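*Asks:* 3D, please:
(2 chains)
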Protein chains: 2
Amino acid sequence: MSLIVQKFGGSSVKDAAHIRNVAGIIADTYRQGNDVIVVLSAQGDTTDDLIAKAEEINPKASKREMDMLLSTGEQISVALCAMALEGMGLPCVSLNAGQVGIHSTSDHSDARIKKIDPERIQTELDQHRIVIVTGFQGLARTGDVTTLGRGGSDTSAVALAAAFHADLCQIYTDVDGVYTTDPRIVSSAQKLDEITYDEMLELASQGAGVLHNRSVELAKKFKVNMEVVSSLERKPGTKVKEVTKVEKTNIAGVAKDTSIARVALIGLQHNPGVAFQVFDLLGKHNINVDVILQSIGRDATKDITFTIHKKDLEDAEELLNANKEVLKFDHIEADEHIGKVSIVGIGLMSHCGMAAKMFEALYEAGINIQMINTSEIRVSVLLDEEDVNRAVKAIHDKFFDVI
Amino acid sequence: MSLIVQKFGGSSVKDAAHIRNVAGIIADTYRQGNDVIVVLSAQGDTTDDLIAKAEEINPKASKREMDMLLSTGEQISVALCAMALEGMGLPCVSLNAGQVGIHSTSDHSDARIKKIDPERIQTELDQHRIVIVTGFQGLARTGDVTTLGRGGSDTSAVALAAAFHADLCQIYTDVDGVYTTDPRIVSSAQKLDEITYDEMLELASQGAGVLHNRSVELAKKFKVNMEVVSSLERKPGTKVKEVTKVEKTNIAGVAKDTSIARVALIGLQHNPGVAFQVFDLLGKHNINVDVILQSIGRDATKDITFTIHKKDLEDAEELLNANKEVLKFDHIEADEHIGKVSIVGIGLMSHCGMAAKMFEALYEAGINIQMINTSEIRVSVLLDEEDVNRAVKAIHDKFFDVI
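*Replies:* Next comes the predicted model:
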């Protein structure tokens, strides 16, 4: 007998028919003799509807009250799912974060799970009940409800799997696994049977939307076996593990990200610490910087180029211009029409031809590279936005031998 | 400085405009220097919508899961109301029953409040925050959410007023107080400035829908000063107290109830204990009996006539017929087309002409009385359903001197 944690997102529980489908998956798992902990998000548009209600009353409502409001969405889901399982004659109980004791920090709207009390869930499991827990939410020390921010329900599921030493944490989505690249762009994209935590992390942060970083980081830390699997089709998904079975001789996948903008500070003085000043300033205003490139100046000045999220571009330009006297640069150049394409794989470091193979693919496709950035298991290139999809296809074809 | 508990029902918080109106009333009370505890029901149709969602999935869902589902309705209300007050710059906090510690029995869907923890609310009041609490719900010993059944939010408000020794517990509704009878039937109906707990109790159980019995019973027990007041107009409502200022020389009001049916068991044997057998049987099946009349038989048999709620009629007939052999009656006569009209007032016992005056009014109107039932402060008559409104008007005119 195994303990399995199963997480279903909002689209998987959006209406009665979908909830019945989810209940069917849970029932099968339970009837096979497993203990089951289920984690659910709010139904379909519920969160958006609640946000709309709040905005009508007060667009600047406190995060504390937003959390109080939004946390009702998951509670509705778990109660309805429990009712569906009751209708199938299965013993079950729904619990919210407060009832379980999912203790979190008090950072409303972006809390972090600190500790999960085992007692209530263990008592229910000992009585062979299926336990259905609200995802996305936590309990602050004050007794207040918190929410965990983006990817919160995935994180809830992994945290529960870690706390109860679950044998498997299944993340059910509307795709059937992690692909070598976006199947909507490259029709020959292949589903991966397995991927390492590190590869999944790099893919996730490079724009692959299947899993959120935080959940993968947590899974890696506590060595939780994850599986990304479809809630619509009953077939194997992609396993996310510490080490995969076979030695990788290829990359895990190709990811793209077109939500970025490039900013260049032109004509900076050569005074020491200027890079620190620039990025300290941006960091203090919660603007995350990704790729950074500093040119070696040919005269008395130098340029610093970096990428940020598109939504932060206006703020960043305003902020930098306001500090022009201190930072001593000549002017700013900004470009919103760029994209980033990355290859990810633990094989990258041990097979040094990988980066060259990527550049070759781009060269053959006649695509110009603006900037290059690498990590241990990733190579990213910055391109014109309009070249991105063509680049993904060219690189994918190069690595995955399309006949 | 006073402590005031203010309760608003579902229709008073049904949308953003209504919530803003409620926030305005709360703000005025707070700005006058009072501590304020607010109790809210779920918005308008929320509870019905949630019930519909549940029924689509499982019409026989457990009460435990129904409570888990329905309790989200009040949580949405309190969060939205807090946001409206935040928008007005007022310090406030919303709390659910679990966060407050409103301990109840574990009778899901019909729990009773046992105890309210003072700590959290007192801490918030000490910081001069308006405290907004979910009505209708409690916390079972297991940590599960319970709901309090019909009239639950009124009960929550009175229980909080009792626990915190509030100076006043205001029940805001869409009418502006308690009337001598239903103003929709009798245009000359008068609003009462004051009414005693006992009178309110009798009026409530005789069909006056303003307050639920349980809340009035609780208010009487803990001597909570209640006031029924309109959320739409700013004017005095009706105060509900232990003793009213002036000695009553008149009744408090005339109430009607057309939700009842009459059942007669004809030709019962004269064996002892037959009445006990009949009502024990009905009680065990949760069928409440109101007025009971037992005829004195002229031959070897007797009849027992009683009233029940219309919705229970089918069940009662089925149940009694199934036990015909044991109860030994000849046949059942049932009548759904009856109604009950009552006069209520603490003056009834000390002014013995009251009942006679009521009968006189009915006589003058040519209305036939089927059965009579009395309590210390109430006289009820059973009539043909079609005579009910005419009877209410005739009796009201008799007692309230219409010119």
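*Asks:* Which elements pack onto the helix or strand encompassing A:V158?
*Replies:* Under the criterion of DSSP states H and E, A:V158 resides in helix A:152-163. For helix A:152-163, the packing partners by 3 or more C-beta pairs under 8 Å, 6 or more residues apart in numbering or on different chains; DSSP states H and E come out as strand A:3-8, strand A:35-40, strand A:102-104, strand A:113-116, strand A:130-134, strand A:168-173, helix A:213-221. Every residue, glycine included, has its C-beta placed from N, CA and C.
*Asks:* Please repeat the previous calculation with a cut-off of 7 Å.
*Replies:* strand A:3-8, strand A:35-40, strand A:113-116, strand A:168-173, helix A:213-221 (3 or more C-beta pairs under 7 Å, 6 or more residues apart in numbering or on different chains; DSSP states H and E).
*Asks:* got the contact list for that helix?
*Replies:* With contact meaning C-beta atoms under 7 Å, 6 or more residues apart in numbering or on different chains, helix A:152-163 is reached by A:5, A:7, A:9, A:37, A:39, A:41, A:102, A:113, A:116, A:118, A:133, A:135-136, A:148, A:169, A:171, A:211-212, A:214-215, A:218-219, A:222, A:224, A:226.
*Asks:* Please apply the same query to stretch A:142-149.
*Replies:* Counting by C-beta under 7 Å, 6+ apart, residues outside stretch A:142-149 touching it are A:64, A:67-68, A:70-71, A:97-98, A:104, A:106, A:108-111, A:113, A:136-140, A:155-156, B:99, B:120.
*Asks:* From what I see, A:S295 and A:F306 are in contact.
*Replies:* No: between A:S295 and A:F306 there is no contact under C-beta atoms under 7 Å: 11.8 Å.
*Asks:* Just give the nearest non-adjacent residue to A:K311, would you?
*Replies:* Nearest residue to A:K311, sequence neighbours excluded (C-beta to C-beta, 6 or more residues apart in numbering or on different chains): A:S259, at 7.9 Å.
*Asks:* Verify the stated contact: the one you found with A:H309.
*Replies:* Yes: applying C-beta under 7 Å as the test, A:S259 and A:H309 come out as touching, 6.0 Å apart.
*Asks:* Give me the more crowded residue out of these two.
*Replies:* Taking neighbours as other C-beta atoms under 10 Å in any protein chain shown, A:S259 and A:H309 compare with A:H309 leading, 15 against 12.
*Asks:* Report the contact partners of the more buried one.
*Replies:* Residues near A:H309 by C-beta under 7 Å, 6+ apart: A:259-260, A:288.
*Asks:* ok, longest helix in chain A?
*Replies:* Under DSSP state H, the helix in chain A containing the largest number of residues is helix A:63-87.
*Asks:* so A:V254 sits right up against A:Y179, yeah?
*Replies:* No: counting by C-beta under 7 Å, A:V254 sits too far from A:Y179 to count as a contact (9.4 Å).
*Asks:* Give the residue from those two that has the larger number of neighbours.
*Replies:* Under the neighbour definition other C-beta under 10 Å, A:V254 and A:Y179 were set side by side, and A:V254 has more, 32 against 23.
*Asks:* distance of the spatially closest residue to the more buried one that is not a sequence neighbour from chain B?
*Replies:* Beyond its immediate neighbours in the sequence, the residue positioned closest to A:V254 (C-beta to C-beta, 6+ apart) is A:T181, lying 4.0 Å away. Computed as C-beta to the nearest C-beta, to the nearest Å, the A:T181 to chain B distance reads 38 Å.
*Asks:* A:T181 belongs to a strand, doesn't it?
*Replies:* No: using DSSP: H, G, I helix; E, B strand; the rest coil, the assignment for A:T181 is coil, not a strand.
*Asks:* Can you verify my assumption that it contacts A:A394?
*Replies:* No: A:T181 is beyond contact range of A:A394, at 11.0 Å (criterion: C-beta under 7 Å).
*Asks:* circling back: for the helix holding A:V158, what is the distance to the chain centroid?
*Replies:* Offset of helix A:152-163 from its chain centre (C-alpha atoms, centre = their mean, to the nearest Å): 13 Å.
*Asks:* tell me the average confidence for that helix?
*Replies:* Here helix A:152-163 scores 95 as its mean pLDDT.
*Asks:* ok and that helix relative to strand A:35-40, angle-wise?
*Replies:* Here the directions of helix A:152-163 and strand A:35-40 differ by 160 degrees (axes from the mean of the first three to the mean of the last three C-alpha atoms, to 10 degrees).
*Asks:* give me every residue that touches the closest residue to chain B within the stretch 201-350 of chain A.
*Replies:* Closest residue of the stretch 201-350 of chain A to chain B, C-beta to the nearest C-beta: A:S231 (16.7 Å). Going by C-beta under 7 Å, 6+ apart, A:S231 touches A:8, A:12, A:21-22, A:25, A:172-174.
*Asks:* The residues you listed, buried ones only, as a PyMOL selection?
*Replies:* Burial among these is assessed by 16 or more other C-beta atoms under 10 Å in any protein chain shown; the matching PyMOL selection reads:
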select buried, chain A and resi 8+12+21+22+25+172+173
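*Asks:* could you dump the contacts of A:S231 to a markdown table with distance to A:N271?
*Replies:* Shown next, in a markdown table, are these (distance: C-beta to C-beta, whole Å):
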| residue | distance to A:N271 |
| --- | --- |
| A:F8 | 55 |
| A:S12 | 55 |
| A:N21 | 62 |
| A:V22 | 60 |
| A:I25 | 61 |
| A:Y172 | 54 |
| A:T173 | 50 |
| A:D174 | 52 |
